[in-house]
Structure formats: C-alpha cells, structure tokens
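[1] Kindly generate the corresponding structure for this input.
(3 chains)
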Amino acid sequence: MRSWITGSTIAVAMALGLAASPALSQGSGTFKYAEQVKLITMDPQKQSGSGVPFLRPAYESLFEKGPNGENLPLLATDYAVDGLDVTITLRQGVSFTNGEPFNADAAAKNINRGVEIGIVEGLKTVESASAADEYTLIIRLKEFDPAIISTLCYTGGMMIAPAAMADPALDRNPVGTGPYVHIKTESREGEVQVYTPNPTYWDKDKIGLARYEVWEIPDDTARLNALKTGQIDAGNWLSNPQAAIIDRTPDLKLIRNNGGLNYHVIISDREGTVVPAFADPLVRKAMALSIDREGFNKAIQFGLAAKSFQPYGKGDWAYDPALEGVYDYDLDKARDLMAQSKFPDGFSFDMPSIPVYQSRLEALAGFFKEIGITMNIAPQEPGTLARVSRTTAYPATNLVWNTITDPKFLALRYVYDDANYNPFKAKPSETLLALAEEGLTSVETEVRAPVYRKMAEQLAEEAFLIFVTNAPILIGTSEKTANNPTVVYRYGEDSVNLRGLKAND
Amino acid sequence: MLRLIVQRLLALIPLLFIVSVMTFSFTSLLPSDPVDLILGETGTQEQHEMLRERMGLNEPIVVRYVQWLGRAVQGDLGTSFFNSVSVSTALMQRLPVTLSLTLVSALIAVVVGVAAGIAAALRPRSLIDRLATVGATFGQAIPNFWFGLLLVAIFAVNLRWFPATGFSPLSASPVDWLRSVTLPAIALGLSSSAAIARQVRSAMVGVLQQDYIRAARAQGLSSRRVILKHALTNAMVPVVAVLSFQITVLLGGALIVEQVFAINGLGTLAIGAVRQQDIPMIQGLVLVMVGLVVVVQLATDVIYGLLNPKARPS
Amino acid sequence: MKTVPSDGPAAAPSRRRRGASGSAAIVVVAGAILALLVFLALFADLVSPYDPLRQNLIASLQWPSAAHWLGTDDLGRDVLSRLIHGCRIAVIAAGEATTIAILIGVPIGLFIGYRGGWWDWVVMRVVEAVVSIPGIMVAIVILALLGTGLHKAMIALGILFSTSFLRLARGVVLAEREEVYVRSARVVGASGGRILLGHILPNIAPPLIVQTTLTVGAVLLAEAGLSFIGLGVQPPDASWGTMLSTAAAFMDLHWFLAIPPGIAIILTVLSINLIGDVIRDGVGRGITVAARQDAPVASFAALADVAPSAAALPPPRPDEVLRVEGLRVTVSTADGGELPLISDLSLSISKGETLGLVGESGSGKTLTGLAILGLTSVALRTTHGSIVLNGRDLRTLPRRRIEEVRGNEVAMVFQDPTTSLNPAFTVGSQIAEVLRAKHGLSKSAAWARTVELIDRVGIPRPGERARAFPHELSGGMAQRIAIARALSCNPSLLIADEPTTALDVTVQQEILDLFRDLQAEFGMAILFVTHDLAVAADICDRISVMYAGEMVEMAEVDALFARPRHPYTRGLLSAMPHASDRKPPLPTIRGSVPRPGTWPAGCRFSNRCDFKVAACERRIPLTGTDRLVRCIRADELVLEAAQ
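    Take a look at the predicted model:
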C-alpha cells in the first residue's frame, strides 16, 4: 500500500500559460471545429470511439492531461490512492448548468453509472463510488489500477448532472459543468452542434468565445474544402490524401498532435466460431506478414504514418524496439505459413468498414488476396464501427489504438474474456492473462514497462492483433488558427482545450 | 379549382394508407431483431426485455400499426433507434436541403428543357433541332453523380466559381445558398431537362400545326406571342405530366447527388438509416418522400387544370 | 375537310430512306459497343492485362502509360483491367435485374389482368404506391431489408422495375380481353381464356422488348448509382460505380480516375437507349408504313417548270380590295426540287363583294387563302405572283409589316371553330387579346368591345359567354366567336375557309345570314372558300372554281349555275343535291383529285374528263374576259348543255 500524492505539482501546473488576458465573463467571436466522425451520442458514459470534441464544451472531467501527459486537476483538486481506495477531493462552488450542485454525491452517481453501463473500459476496474463527505469522493477498485486517474481525465471522469441521467434524450441534451452550454435549438442534427458560454461557469476567465461550433463533416474532401474556405477554423483528419493536401497547402497547417493512432486489424473470432481459419495462429501470422506496411503508408497515408508491429509508438515508455520489423512484408513466408496451416486453400471473411477506412481495407483485402484470403468489405454508418466491433456481427474488425492510452487497456479491450472488443468471449492465453495482472501491480513505469514489452511480444506471437501503421493525431488548421496562441490541443486527443480558447483575430 | 384539389386529396387517402402499411410492415420483415440492433449483443436479457416492452414489440402488429398511425397522423414519427433524435425533427431539418436541390434542379430542367424543346420544334430537322436531339440523348445517358464530379472538378476545384461541397441554408444567405445549390442542381437536372426537351419538342411540333395557332397568326398576333403564349400553353399540357414524374425522379436523384457534394440532405439521412437499419427513420423517410410526391402531383394537377380547361371538373 | 399537310407528301419517302440509313448506322455502332461489352464480360480474365485486384501501392495514381493504358488507381491497380472486369458486373447486373423484373412483373401482370376484380385493385394500388416513391428510395429501402451487395442490389432493382412490366402485361391482357370477348361471342363455345392466352403471347412480345431495353439502361444507371453510394457492389470488386466512388475521393489529386468508368457507363447506356429507340420506332412503324404506301413516286420535274401563262387576267374591277396575279405555291422536296401545289392563280375581289372559291378536296382552295395571308407552313413557299391588298403587294412586305396587315386589313375564319379557338383560354380573352395587341386598347376597353362584338354576332348573354372556354360552347356559337374575333379590327378582307362545313345544317344557314348581315354593315370583301356549291350559290356574288391547284372557271354566280363552261364545273353542279328532286343516285365525277406531282401534263382534269380529246394533252390557258374558263372545248360544251 502506498500513498501517492501529486497535489503540489497540480497547483503549479494550474498556472499554465493560459491566463494572460483581461477577465471577461462572456467571450466574443466564434470558433468552428470540424469533426470527422458522426455524432453518435453526447452521453460520455455511453460514448466509445471518437467524437470527444462534441463532449468537451459541455462536460468536464475530474482531471485533465497536461502538455506532457501528466494528470492535472479540473473538477477535482486533489487525489490520493490508498491501495484499492482512491480518495478524490472535489472542487467547491461548481454547479451543473441545470442548477444542480456539483458534489461528491453527484460524482459518485456518475462513476457508478459509468460502471453499470460498462462502455468506458477504464472504469472496469472500479467496484463502486461513494461520497465520504460533500466534496470527497471515494472510488473503490476491484483490483489495483495504476491508470485510474488517467481514466478520469477522459470520458470516464466526465460529470453529468444527476437529474439529466434520467433523460432518455441525454445523448442530445448534455448537461454538465463545462464552460459552454449545448444549444439544441440552434444545432442541426447530422450537421452542426452549437455551444454558447455557460453563465454559471466556475472559472469565467476561461470563457473566451461567444459561440463554439462543432461541425460534423465525415467527408474528407468536404472537410478540407470547409477549411480552405474558412467555413471552419480547425478540424481533425486521418492520415489520408486530404491531410497530405493540407500539409502541402501554404496557408493551411497540419498539426501533428502527440499520441498516435495505431491502426490495427483485430481477429475477434480467434477461437474460430464463425471463421475456423482464424483459430489457426499460422493463418494470423501469415496475414500479418502479407501486409506491405511501407506501401500502405505511402499510398494510403501519404507517408504521414510509420510501420507498426506493436501497440506502442516509438518514445512511449512501453515501446519494445525488439519487435520492430517482426512482421515485415514477406509474401513468400506468408504463403509458406498459409501452406502449412490447415487452410492452404484460403478462406473468406467479412470486415466492417466505415468510409474513412475504405481505402485502407481495400488495400488490406489486396494483401490478403495474395495469400488466398478473401476479405469482403461491409460498409457501416460512420461512427458506428466501434459499436459494431463489440458485437459478434463480424469475425474481425479494424480500429485504431491511441498510443497514449495506458497499456493496461490492451487487456481490458482485447484480452480478457469479457473485454469490450472480445465479443466472441475468446479465452485469453495464460501468458497474456498473467502479464495483464502483473502490469497492474505497480504504478512505476520502470516496473511496468518490461511487463508490457513482454505482453507486446506475446501479442505479436499470438497475432490476433495485427498492427499496421501508426500515425500521429492530425489536426488541420487555417493559418489564423495556427497563429492563435490560445489554441491548445489536448494531450493525445483530437480536440482543442476550450478553457481559455479565444476566437481567431 | 378548390373542387379539383379536394377531389385529388380524397383520392390520395388509399395511396397514403397503402404506403403507411407497406412502410410499417418493414419492422416485421426485418431480418434482425431491432432490440438486438439497438443494444448490440451486449445487453442483458433483462435489458432486452425492458426495451422490447418499451418499444411495444410484444404487442400484435396490428395494434402497433394503429398506435404508430395514431402518432404519425399527429406528426410524431417516433425516435431513431440509435439516438434520441425525433424522426420528425431530423426530417424537417433535412427537408429544406433536399427540397432546395430538387426544386432548383426542376427549375433548371424546365427552363433548359422548354427552351431547347421550343428551339428544336420551331425549325424541325435544322441544326438546332439536331443538336438538341443529340444533346437530349446524351443527357439521358449520363449518370447525374458523374456529371456532378465533373462539374466539381471544373467549376469548383479549377475555376473556383462555386463551392465544391456543402450547403448553405437559404435563410442564412441567399447568395451563398444559390452558390451552394447551383452545381448539384445542374448535375441533377441534366437528365430531366433532356427528357423535358424531348417532350416539349414533340408536343410543340404537334401544337404548331393546330388550327388555333394558324388562327392566331391570321389575326396578326406576333410570332413571339403566338409561340410563347398560344402554342406553349398548350404544349405544356403533356409536359406538365412529364414534369410531375420527373420531379419524383429528381427527388430520387438528389439522394445520390447529395453524396457527391457532401450535402446533408435526406439522402445522407437515408443511406445512414439503411446502413444502421434504423427503421423509424426509414419509415419516416418513405412517408416524407411520398408526401412530397403527393404534393408535387397535386400541384401539377392544378397546373394541368389551369393549362387545360377541359380537365377541370365542372 | 383537310388541313394543309405540314410536309410535302413527296418529301416523305426519301427522308425516310435517309432516316433509315442513319438509324442503321446507329444500330451498327451501338450494337458493336454492346457486343464488345458482352465480349469483354465473357472473356474479362483473358483480355485484361492485369488482375483487377492486384495492387501495387508504390505505383498508385499513375497517368496512362504503355504499361497501364488507363493508368492506375489509388492502390496502384490497373484501371483498364478494372474497367474490363466492370463490364462483367454491368452485364450481370443488367441481366439479373431485368430478368427478375420480368419474372416478377409479367406473370403477376398477366394474372391480375386476367383475374381482375379485387386482385387487380389491390395489386394496382400497391404498384401505384411503389411508383409514387422515388425509385432509388425504393431500392434503398429494399436494400435495408436485404443488406448490401451486387446480387441483393439487383434483386432490389428487379423488384423496383417489375412494376413497369407488371403494368405492361396487365395492359396487354386488358386490351386483348376486349377483343377476344367480342370474337368469342361469335364463335359459340370457344373458351375465352384459351383464346386469350393465344392472343396475348404474340402481342406482348414487341412492347416487352421495348420495355426491356428501357429497363436495361435504367438498371445500369441505377446500379452505378447504388454502388457509388456504397450500397451496391462492394469494394474491392470493380464495378463502374465503385470505381467512380473511389474517383470521387481523389478528384483533387487525380481527376482522371473519374473518366474511364464514366465514359464506359455513358457509352453503354447510350447504346442501349439508341437501340431501344430504333426498336420502338420499328414496333410503331408497323402500323404507319401501310398507310403511306400510296405515296406517289412522282416524275414531276417537267411539271415543276410550268411557266406562268400569259393568259387572261381577271379584268380590273372598281373598288378592288384584293388582287392576286400569277400566284404559285410550291413545296420543297428532299432532293432540292420544288413541287407546285398551286400554279398560275389570279383573282380579284371588290369592296362589299363575296367571291366563292369552290372545288373538291385537294384542289388548293384553302391553301390559296393561307397563301394570301402568308401563313403556309414552313415547308411551303410562295414562289411567283403578287398579292396586292389595298394597293400594297403583301409579298414584298417584311414579316413585321405583314403581321400588322393581318387582323387589321385581312382576317380569316376557319373551318372548325372548335380547333381554331385556343382551348386554353376563354373565348373573350382571345378576342380582347387581338384588340389589345392590334389597337392598343386598355384591358377594360378591350373587354367592353369584346362583349359588344360577341353581342353583335348574335350570341345572347355576351358578358357571360365571353368567360366561357371554347369547349363549353356549341359549334355554331364558337364559329360566331371566331367571326367576331376576325371582325374585331374591322378588316377590309375576310377569308372564310369552309366556315359552315363543320356545323349542323340549321346552324349553317344562321351563320351564312350572319356573314351577309356583317358584310352589309362593315362592307368588307369576303373570299369564301367552300366545297359546297349550294352554300356558294347562297352567299357569293361570283364564283371561282379550282381544280388541282389552278383555277378552271370563274363567273358571276347566276351565269355559272345557268351555263357552266368547264366540264369539271358541270360535274360539280350535277353532283349537287337539290332538296326538291330526289332522284338517286346522284351522278358523281369518277375518280378523285390527283395529288400534287401526279397531275396530268396537259389539262389537269383530262384523266377524269368525259370530253377529253388529243388537244387536252397540252397546257390549257385560262381564256375569256368577263367569264374565265380553262377548257379548249368550252364553247362546244356550252352548246351541248343548251341542247
């Protein structure tokens, strides 16, 4: 048992660069951000996949990430971890936009709701939450969790007004404590969500805008045109031709934010329930070897990414240099493995796709075809890939893993038999299970890193997660936005920090 | 005229009834259980049952239909399976977009089609006539979305006269609205203008041989007046019938052309709803489409009556 | 009677020949394109230079080169090979959806057409409902039920297009049923159903073929559209629609990707549509060709150059309103020739006088009236002669001036009042329009004058009738309106083209009385065109008899009736029914007026004339001073008649 206090550093970090200009309770100007995925839900505890930019204006999390990934206070001011008990001190004088006070009761209700719904993977380690007193929240863990505070920096820590939880339309009526309030009447479904300043915000100095808009523009070209014509100030992109065009266009800027989008194929049906071939590790390895990551990066991601063979990116603390090149493109070897497998004549399977991944999957289908595997592409509505990936509708899927995510989530997402993205409830190997547990025994990265390296090696060996390329989080901005000092990109997220954000000019 | 409208409205009741039955029965035709669709396969048995109860899926289909119809008549088309967005709201937000596109393209189709048709009819077998005929033949073979891509490449990407994508609401700025709707409307209207040109030409050639045209000329009325008033009014009678059909075609075409220009109209909504099997949304979409077609037919019937006094009920 | 043909009869055959060779060329080219399409579809694997799915990510988005004739796509796949494999998908798609549409539509259509009753009612209401939804929406909804993919999309399109086959089959059954019931009523004991089936099968084939070509074209466009929006063929398979879908994402970087599949779709659909047009024309022509077989193959070259004769012109008359001299009207033929329809026509009319223009159908009476107004149709030209109205030659006036003259100085009343009034406007507005356009009257003044005029032509409750539409009036009343319109600007010449022919006998007399009254009041000259000598006798002062485009006799009405000098006039008079004597049958002139281009070279009446002699083979001039006649035996015949 070990107490682990970082309170003092939090106080220092609060002074971070954003507090220069005169205090105005109402901001001025409009900032328009474009999101590449469709809005599915604004309920943070039901949110999965992308789309956080829709939530950030209205919802605040208990903590937030600093510029180097450190945990900073937001709705919480301090915390202490004592074994399985996490004690969190909450900020006082905060109220939700519906007038309800923000206190430990409200926070506990949120955490418990998140645990019950079970979509936020980070909360899987949480037993329950309760209020110790008005502003002290106790979270009781099921197992030791070194990443619990990180979890509370994202959707897992976002606080919904308790009364709003009963609203069946919570997915379109967010009620939080954030600097801005969602205006339903001005928003247009499927097109734009509009936010205006929260008149009761606890830190009025940080409201710099009169209006904030998040545009839903799934079409990459359309989003690019919107940026070119000034219809939007910034927007997120995957590594694709349009991002490459932004990078080349003189008066636009492509921001490579920290954190990486590590694109990978997931063999969900790895026990072969639907596609027997997937149970054969030789087949999975052959698939991993058949991918020309170099060409993939060049043709599809326009050189904006890097080859990837493991969940972590270069420079991450769990990164394992030994894995570099382990599945480098080797068609002969891949064909050999297929020949040795129980499925020398190949097989076919269905793969869900969303428009932004269409060309990636076509390329993968081309690679797999070379070793006799037919991959049929099944289009899904944009924004629903994560959800469909949690069902048994498809034997395999494809997602991105954000490299800033704590490695423990690998197990929560993919490994455990009740992991979110293990819809076929495949039993994890003993080795993986043991490593997953071992990784949770400490908070020190030096202790955990070797464990997770081993885990990455084991994952590569089992090859049910086939990593392809890792690209930075890309945010395209206009020149004005690039020169706006108040624009701060959230660590490892494809969104802008709204606290202190002012309009361009 | 009022009588005509009432008559037509009454005749629509069986049509709307059958369409509503057809769209409603999708729920039961659907291969997968809507509850599974909504919850994914992750929900517990209890959650499934609760949702089933809440959605009224345990009731017999006739009861559900009557309930649904009762709400639909009041404008409540239910809520999307996948979020809390009311179907009526979503439709009403998208309707102006698709409607702008359809109506502007119909306008273009009529103007271009009628002008080309008249020009061709006035000098049969002349160069203009041949050009118009060849143009109309090509116009009907060119896919609207491909033509849209071409227009984007030329007029948006290269010449930068028009925005390549997106839609600006009319209420925000009429100029931006017109700019945003021009290219998609041209792409959409092409094949309809071809069809209308053909129809106008043949109707006009027929009408120009009529005695009343010769009589009007004999009375010393100017050629322009004779052609544009006396001949066109009569030639438009069959054209109006074609136009009614063409607007239905345009409405369908808009669903695809919207994709080319990344316009958030009913088409985007429809494709999304189909991919997710969002039944209430699909039902609503079909009803709105039929509603629009019905309005168009009613309008064309009225115009038909104005142009052709014989068609009016006496 | 007749209206003037819009194109010359002799022009038709050669134009048809040219049209036929044009469409033959189209069929060959379109057929070749389609044959190539099918060939490529069948042998795609052999023909295409590369595997359509083989990607080469290093060589993506390349322009056309020797290695890749149409370049490469975003994944470095060969565009040509993908295009060729796209042919296969296009053929499968078109075949599958069309077959499904026929297999669903035709049997159901036959069944409900035969069965009728409730089955018919319900199915047709469902069909109406489906048709009222935009087609692509129907397909999308069906795809919601079936899921995406080529074959599912084709099932959806098959269901969608089955409605047109259903309606077609039902229509054929209903049409045949009428006929068969009539016949089987005669042949007692024959089974109606059996006969029906025997009749339907041959009759359904032609429209079925036409509908199939229409459907194939529509299916190809719809398949491309569905694949484009991602609901049809799924990538990486190459269909033209999916290729365009990819191209759409790369318009900024490599627009060329959109060109090959676009051209492929357009050429294919165009070929099918053109062949469909030709087939449709062919199916339609089966009926029209027979009716045209008597079209003359004329050797009219010699006739075309008949010089205006130096023969007698009508003597000048006092107060002459109209004087026509040496008028010739021709139709241009396809080979550039000019075929005369009226030749060497001269006449004159004085103020307050009525000149009758009589003759059988096809003699050129109506055309003369129209030629005076300059209103012959586009294919006709007035090549010779002068038309002097109130001292001005109308043929020398520019078009604008002629438009001024029409209505103001000369107006025309047509044969059928129900077709000469515009059905789309009230009768009053059509008169008021003339008053406003020609006299610049204000709206209210024009209307007041209109009501006055309607009152003047003897229509009771004129204010109310002015607001009626032509179809709401009786023929006689409509003709009165037409007369009122013609007289609205007080013209000095009124051309009345068979104004009583379409009317009941009782009404005829009233209209003739009206003409007389109005002439007495307004003093205009009337050129009265009629085939009815009794009518002409009633109203005319003088009569001109026309035959085969020329005048054969002109005389005062009493003189003509008393002593006709031309055999044709005699024939007409003896064919005239007299209410007093009932001695059937009436003698008639044998044969009929020859068509233009088949006129005999000499006397045009010679082939029907009982008095023909060798001299009649030459051109016969019009002779005489007071009375004019075009017959070399006129004097002998007068004697004969007197005996």
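[2] For residue C:496, give me phi and psi.
    phi -110, psi 110 (degrees, to the nearest 10).
[3] burial of the residue of the stretch 1-150 of chain C found nearest chain B, as a residue count?
    Among the residues of the stretch 1-150 of chain C, residue C:134 lies nearest to chain B; the distance is 2.9 Å by CB to the nearest CB. For the C-beta atoms, the positions are set from N, CA and C on the backbone; glycine is no exception. With neighbours defined by other CB atoms under 10 Å in any protein chain shown, the count for residue C:134 comes to 25.
[4] Might you report the residue contacts of the closest residue to it other than its chain neighbours?
    Residue nearest to residue C:134 in three dimensions, not counting chain neighbours: residue B:252, with 2.9 Å by CB to CB, 6 or more residues apart in numbering or on different chains. For residue B:252, the residues meeting the contact criterion (CB atoms under 8 Å, 6 or more residues apart in numbering or on different chains) are C:134-137.
[5] Including secondary structure and pLDDT, could these go into a markdown table?
    Output for those, formatted as a markdown table (DSSP: H, G, I helix; E, B strand; the rest coil; pLDDT from 0 to 100):
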| residue | secondary structure | pLDDT |
| --- | --- | --- |
| C:134 | coil | 87 |
| C:135 | helix | 87 |
| C:136 | helix | 87 |
| C:137 | helix | 87 |
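[6] Spatially, which two of these are the most separated?
    Considering CB to CB, no two members of these lie farther apart than C:135 and C:137, which are separated by 7.1 Å.
[7] These two: who's more crowded?
    Taking residue C:135 and residue C:137 together and counting by other CB under 10 Å, residue C:137 has the greater number of neighbours (25 against 21).
[8] Surely that one is in contact with residue B:273?
    No. Using CB atoms under 8 Å, residue C:137 and residue B:273 do not qualify as a contacting pair, with a distance of 11.1 Å.
[9] if I look at these two, which residues touch both of them?
    residue B:285.
[10] Helix, strand or coil: sort out the residue of the stretch 51-200 of chain B found nearest chain A for me.
    Residue nearest to chain A within the stretch 51-200 of chain B: residue B:84 (3.4 Å; CB to the nearest CB). Reducing the assignment to helix, strand or coil with DSSP: H, G, I helix; E, B strand; the rest coil, the entry for residue B:84 is coil.
[11] Residue A:359: which of the contacts of residue B:252 is nearest?
    Proximity to residue A:359 was ranked across the contacts of residue B:252 by CB to CB; first place goes to residue C:136, at 25.3 Å.
[12] and the nearest residue to residue C:223 once chain neighbours are set aside, how many neighbours?
    Spatial nearest neighbour of residue C:223, excluding adjacent residues (CB to CB, 6+ apart): residue C:93 at 4.3 Å. Here the count is done by other CB under 10 Å, and residue C:93 has 29 residues near it.
[13] Show me what the helix or strand hosting residue C:93 is packed up against.
    Here residue C:93, judged by DSSP states H and E, is contained in helix C:79-115. Counting by 3 or more CB pairs under 8 Å, 6 or more residues apart in numbering or on different chains; DSSP states H and E, the packing neighbours recorded for helix C:79-115 are helix C:11-42, helix C:44-47, helix C:117-132, helix C:150-186, helix C:192-228, helix C:240-249, helix C:259-291.
[14] Low-confidence bits of the stretch 151-300 of chain C, can you list those?
    Where the stretch 151-300 of chain C drops to pLDDT under 70, the residues are C:179-198, C:283-300.
[15] near chain B, which residues of it?
    Selection of the stretch 151-300 of chain C residues close to chain B by CB under 8 Å from any CB of the partner chain yields C:217, C:221, C:224-225, C:228-231, C:244, C:247-248, C:251-252, C:255, C:258, C:261-262, C:265-266, C:269-270, C:273-274, C:277.
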